[in-house]
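Novice: Sequence and predicted structure below; questions after.
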Amino acid sequence: MLLFVGLGNPTPDSENNRHNVGFKIIDSINKKFGLSKQKPKFKGLLTTGNIGNEKVYAIKPLTFMNNSGICIREVIEYFKINVEDVIVFHDDLDVEFGKIKTKFSGSNAGHNGIASIDKFIGKDYSRVRVGIGKPKNNIEVADYVLQNFDEDEIVGIEKISKNITNSISILIEKKLDLFSSTINNQ
């Protein structure tokens, strides 16, 4: 049993923000694998189903980015999901736009959504870090992550989401290095 978590903010005007990459990936997974209709539950939008032989829950926390851990703790406690079976998709400033990096555990690197998750469930979960690049022209980080992607970037994020979704079986097997290399070479 796995829990996929997509980080983002739930307001309609946040839909195409850089901070909402995780939501876009969960939407792509839900669509490709025909997971259940999203239901408000555990302070998030929850879907469930099977990918191959694996039971999967997918959630988009509605607690806003900085409180994502509250939602995730409720889900893992209710369904008795091991923290090691949680995979979080999120934006990352330190990764070049269009690239991904994966890791298990580690520092939150200043990402408030990850810091919240660490606070509520610990650090022993997998992360798929989707590169959004660094801000330019002296834009503050907080402003940058809340800006919408431009048209070219939207196309790039859709491609990344599709590639992640198409390679999800590698991620389910927790072969993080192989997953990163597969996505980055597509």
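Specialist: Arrived safely, thanks for sending.

Novice: Confirm for me that Lys134 is in contact with Leu93.
Specialist: Yes. Counting by Cβ atoms under 8 Å, Lys134 does reach Leu93; the two are 5.5 Å apart. All C-beta spots, glycine's among them, are computed from the backbone N, C-alpha and C.

Novice: higher neighbour count, these two?
Specialist: Neighbour totals were compared for Lys134 and Leu93, and Leu93 leads with 18 against 13 (other Cβ atoms under 10 Å).

Novice: distance of the closest residue in space to Ser28 that isn't next to it in sequence from Ile172?
Specialist: In space, and not counting its chain neighbours, Ser28 is closest to Ser161: 4.1 Å by Cβ to Cβ, 6 or more residues apart in numbering. Ser161 is 17 Å from Ile172, where distance means Cβ to Cβ, to the nearest Å.

Novice: Quick one: classify Lys31 as helix, strand or coil.
Specialist: Here Lys31 is recorded as helix under DSSP: H, G, I helix; E, B strand; the rest coil.

Novice: For it, give its distance to Val141.
Specialist: Lys31 sits 31 Å away from Val141, going by Cβ to Cβ.

Novice: starting at the chain centroid, how far to the worst-scoring helix or strand of the chain on mean pLDDT?
Specialist: Within the chain, no helix or strand scores below helix 176-184, which has a mean of 89 by mean pLDDT, DSSP states H and E. On the basis of Cα atoms, centre = their mean, to the nearest Å, helix 176-184 sits 16 Å off its chain's mean C-alpha point.

Novice: just checking, what packs against that helix?
Specialist: On a contact count with 3 or more Cβ pairs under 8 Å, 6 or more residues apart in numbering; DSSP states H and E, helix 176-184 meets strand 100-104, helix 151-166, helix 168-172.

Novice: and the most centrally placed residue in the chain, what element?
Specialist: The C-alpha lying nearest the average C-alpha coordinate of the chain belongs to Phe89 (Cα atoms, centre = their mean; 1.8 Å). Assigned by DSSP states H and E, Phe89 belongs to strand 86-92.

Novice: Run through who's touching that strand.
Specialist: 2-7, 18-22, 25-26, 72, 76, 101, 109, 111, 113-114, 117, 121, 125-132, 145, 164, 171 (Cβ atoms under 8 Å, 6 or more residues apart in numbering).

Novice: Roughly how far does the nearest residue to Thr182 once chain neighbours are set aside sit from Ser180?
Specialist: Using Cβ to Cβ, 6+ apart and skipping residues adjacent in sequence, the residue nearest Thr182 is Ser167, 5.0 Å away. To Ser180, Ser167 is 10 Å away according to Cβ to Cβ.

Novice: Lovely, talk soon.
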